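A.B. asks: Here's a sequence, model it:
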Amino acid sequence: MKVDLTDNDLFNFSEIEFNKKVNFIFGKNGCGKSTITKLVKDQCNDYDVRVFQGFESVISENNTLDTVILGEENTEINQEISKKENQIEGIRKDIESIRNNLIDNGTENLWKEYKIKEKEVANIENEIDDFCRNKAREIKNHGLKISSTSYDIGSFKHDIPYAKGLEIQDIEKLESLLRSEVKSAQIINKLNINLSNELKDVNTLLQGKVVEKTRLSRLDDNAQKRDFAEKGLSLHQAGEQCAFCNNIVSKETLAELESYFSADDVRNFKHEIENKIKELESYISDVQNISIDSSKFYADYKSDIDEINHKLGDLKNEYEIFLNKLISELNNKLAYLFEECEKLALTCPDDINSIINHYNQIVDDNNSSNLIKKQTGARDALRYHFVKEYCDKFQYEAKKSNLEVHQNLLQVLKNKVDGEESKIKACQNNINQIEENIKQLLESTKNEKILVERINKKLKLYASFELIHQETSNDYKVRCLRNLNIRSVQELSTGEKNLIAFLYFIEKLNELSNNSHSSKRCVVFDDPMNSNDDAVQYLIIEELQRLKDRHLRDNEIFILLTHNIHFYLNVKYGCKYDKCNFYRLVKIKNRVNCINIDNGEDDFKTNYAALWQELQFLLSQDDASPNMLLNPIRRIIETYTKFNGLNQSDFFANTSGARKLFNVNSHSIDDLEAELNGRSKQEIIVLFKSCFEENNAIAHFQKFFGDNP
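C.D. replies: Numbers count the residues shown, from 1 in each chain. Down below sits the predicted model:
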């Protein structure tokens, strides 16, 4: 649904579209909300447009709340209602008669017959289940383990179709097969080692050396002297006599040698060699742990396993010799950290993993031997034999046939019970339909008393009066709940009249919705809550939320126009921006712009936040004059200082020019422009920002306005 605005000079946009069921329009007074409401009513001829604009929109020409005149048609309708109520009473008697056949009332009826048969079926089922449960236990406890450890009543019943008897000699043969030992060998994990790479790593270390950072001339670059000095360092303390030369070992000598041998390069290179030695030693341990238990193999595989065992023994020996050689050379290298050592020229042993792979393949063949399959088949055959033997002795098939006969008879009785219950349900549906017809007949009487009761129920918590229908004059009056005086609706306050008019409008909408009304409908609320409605705002909010969330049909449109931010925030609660339309009207230089709000970040959060959003919008509009920024700025400052308990004079004290420009109480409407003194919008914002900076509140400014300007 679209509304054409091209012929109206107030708007800067040509149309507004209501293409969703729920639509919100927010705009201050003077932004054209009532104009849009009028255009909706004038242009949307395809819709049954219902507009609420306060008390004046629902009163009649003689300033009374109109009702529909009660006519003689009500007498005929009441007779029809009475007839239908008699029909309901007759159907209820039929239901009672049917229910007596479905309850335990001490007589021979369908319920008793069904319960007797149900008990017979249960007894037979329990007898069969007890048999199956006991025999399943015997099979599970059989000495030759012919079933799994989880074998139970369900397993036994599953085996019955496969039950088959065996001859004595076949039983003995199968039992002998089950007593045969099953052999299962263990696989060997492959070694995670590459001898060629290890040789390369060791040769790299052997040819590596540490470059001396501190040179000791008395060592003469001699490796043996260095080794001798390093050992002496660990054997002697300051003041002792040298075991070699019998001279006193000085602190200075020990400190000099300690610095020489503890250098980072020396220590790191030494650790690298030691770590490689540990790694090689772990490989030797892995090789030594490789073992084969030939007793776990069947005779068919014995020769192959013996051959593999022999090859593995040789290779393990070669691996240990090779790895020990590498370790030996590395240990020797520890004495020659400052010199390159000769590169090793060794031949790597054959890959031991190829032998391990061959062995593991034989393990797979051995463990998947036919013996296991034959034993599995033997277990099944013996189990099926015992199942057959048990069932024959119990006469299982005869009992199962007897159970099926009784189950069929029980099903016949259950079908009868279901049929009777369906009759009750059909009767109840018939009653519901007749009651719905009665409801429609009651609604067709235009009984305003029902409407009054609904309104008074809602008024009870919020007003000291109630609404009463005057049948003689066919209008409404109000009765004071304190002194019971009756007076005209016109004598109420503006807020009270608006509340009654609103509730009256809502109830009339509900009345139309309950009737079979197929035409498309558009419901418009133009500022439904005025300034006098604060005490009852939540009642109005609740009614509007109930209408838009529950009572709107698929062919209906809901439009709410308001200037009250708090009211707007509460009514739209829970509405999704992709499911509803949100429009904001903003007036600049006597022309109104329309902003489509499509996400929560661009919408109002609080009244206070709305002032900041208005300020940012006016700043961004080239058509907005600088003086338009002053009103939201003053309201922001007033709110901020009151909330934080600040004196406005103190707030302006350190910002020159701010007090005269922004002081909320120092300006009249006609001198706003005179106070600007030629300031631009950016200059005003800079001054405004300075006020917050001087009051140590720049974080508050940036939270609502960002880092600009």
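A.B. asks: how far away is residue 174 from residue 158?
C.D. replies: 21 Å (Cβ to Cβ, to the nearest Å). In this view, the C-beta of every residue, glycine as well, is placed from N, C-alpha and C.
A.B. asks: sorry, that was for residue 193
C.D. replies: Where residue 158 is concerned, residue 193 sits at a distance of 51 Å (Cβ to Cβ).
A.B. asks: the more surrounded of those two?
C.D. replies: Neighbours were counted for residue 193 and for residue 158 using other Cβ atoms under 10 Å; residue 193 has more, 18 against 12.
A.B. asks: Torsion angles phi and psi at that one?
C.D. replies: phi -150, psi 140 (degrees, to the nearest 10).
A.B. asks: which residue sits closest to it in space, ignoring its chain neighbours?
C.D. replies: Once flanking residues are discounted, residue 193 sits nearest to residue 283: 5.1 Å by Cβ to Cβ, 6 or more residues apart in numbering.
A.B. asks: Residue 115 too?
C.D. replies: residue 104 (7.8 Å).
A.B. asks: what does residue 399 give?
C.D. replies: Nearest to residue 399 is residue 128, by Cβ to Cβ, 6+ apart, at 5.9 Å.
A.B. asks: Could you name the helices and strands sitting against whichever strand or helix holds the one you found?
C.D. replies: Taking DSSP states H and E as the criterion, residue 128 maps to helix 110-140. Counting contacts by 3 or more Cβ pairs under 8 Å, 6 or more residues apart in numbering; DSSP states H and E, helix 110-140 is packed against helix 153-159, helix 370-394, helix 396-444.
A.B. asks: please redo it, this time with the cut-off set to 10 Å
C.D. replies: Secondary-structure packing of helix 110-140 (3 or more Cβ pairs under 10 Å, 6 or more residues apart in numbering; DSSP states H and E): helix 73-100, helix 153-159, helix 370-394, helix 396-444.
A.B. asks: Return the distance of it from the chain's centre.
C.D. replies: 47 Å (Cα atoms, centre = their mean, to the nearest Å).
A.B. asks: Show me what counts as buried in it.
C.D. replies: Across helix 110-140, burial judged by 16 or more other Cβ atoms under 10 Å covers 110-111, 114, 117, 120-121, 124, 128, 131-132, 135-136, 139-140.
A.B. asks: Please apply the same query to stretch 330-346.
C.D. replies: 330, 333, 336-338, 341.
A.B. asks: possible to save the residues you listed as CSV with distance to residue 98?
C.D. replies: Converted to CSV, those look like this (distance: Cβ to Cβ, whole Å):
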residue, distance to residue 98
330, 99
333, 103
336, 109
337, 105
338, 110
341, 107
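A.B. asks: returning to that earlier point: am I right that the residue nearest to residue 193 is in contact with residue 201?
C.D. replies: No: taking Cβ atoms under 10 Å as the definition, residue 283 is not a contact partner of residue 201, at 12.0 Å.
A.B. asks: Find the residues that touch each one of these two.
C.D. replies: Listed as contacting both residue 283 and residue 201 by Cβ atoms under 10 Å, 6 or more residues apart in numbering are residue 326.
A.B. asks: Which one's more surrounded, these two?
C.D. replies: residue 283 (20 against 17).
A.B. asks: per-residue pLDDT, the more buried one?
C.D. replies: Listed pLDDT for residue 283 reads 94.
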